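Chemist: Sequence and computational prediction follow.
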Amino acid sequence: MRHFQLWNVQNVAVFLSITYMCHIAGCISIRSAQRNLSRSVQEDALFSVDVSSTGVPTVQWTFMSGAESRFIGIWQPGGDTNLTADYSSRVKAYENGSMVLLDLRLQDTGFYLLTVTEEAGSSKDVGFVLKVNEVLYEDLQYLSITALALGVVAALLMLVTWLLHKACMKVKAWRQRRRMPEKDETELQRLETQPVHQS
């Protein structure tokens, strides 16, 4: 019986210590299904997260690349969203901590850091990698120009074929007209030279 009570007291002590540590640490939880994103230029990128904590969390997003580090924005659930001028027209912020980056550019390729902080001072970070792929507009332009040039050449060949056909028909008609009067004159001359018999 004493052994059972001792075990029960130990469980309670462990539970209380975990609860106390979670309270001190703020028990911040950040869940995310995908941390490596690959998008094309002019598409949108959704950094999907689900932030939960015992207190009121403050969400902060920062962009980092090899050359620079830029602050994107900071907000609290149900509070105001404070975005920098560079991102104010391109970022949509959500209460659960998620962020959508609109109209992607090649310069947006890099590392995105989400920092969640509580009033007690505890914080937790999660990183995301975004790769922005270039759309090969030059290849598309080359293909469209090539297709247009081939279409023009085909149209010109059709026009030349039609003109040659018309010219050929006119030459044939001219030759036929030229031959017909010669035959008529010959036949008239033969009729005139025949003697007329009188009875």
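Modeler: Yep, it's here. Residues are numbered from 1 along each chain as shown.
Chemist: Distance of the residue most central in space within the chain relative to residue 97?
Modeler: In the chain, the centroid-proximal residue (CA atoms, centre = their mean) is residue 43; its distance is 4.1 Å. As judged by CB to CB, to the nearest Å, residue 43 and residue 97 stand 21 Å apart. Backbone N, C-alpha and C define where each C-beta goes, glycine included.
Chemist: same thing with residue 81?
Modeler: 12 Å.
Chemist: Between those two, point out the one with more neighbours.
Modeler: residue 97 (25 against 16; other CB atoms under 10 Å).
Chemist: for the more buried one, what are its contacts?
Modeler: Residues near residue 97 by CB atoms under 8 Å, 6 or more residues apart in numbering: 30, 49, 50, 51, 57, 59, 114, 116.
Chemist: Is the closest residue to the fourth one other than its chain neighbours in a helix, a strand, or coil?
Modeler: Once its chain neighbours are removed from consideration, residue 51 has its nearest residue in residue 97; the separation is 3.7 Å (CB to CB, 6 or more residues apart in numbering). In three-state terms, and counting by DSSP: H, G, I helix; E, B strand; the rest coil, residue 97 is coil.
Chemist: Likewise for residue 179?
Modeler: Applying three-state DSSP: residue 179 is helix.
Chemist: That one: how many residues sit nearby?
Modeler: Other residues close to residue 179 by other CB under 10 Å number 10.
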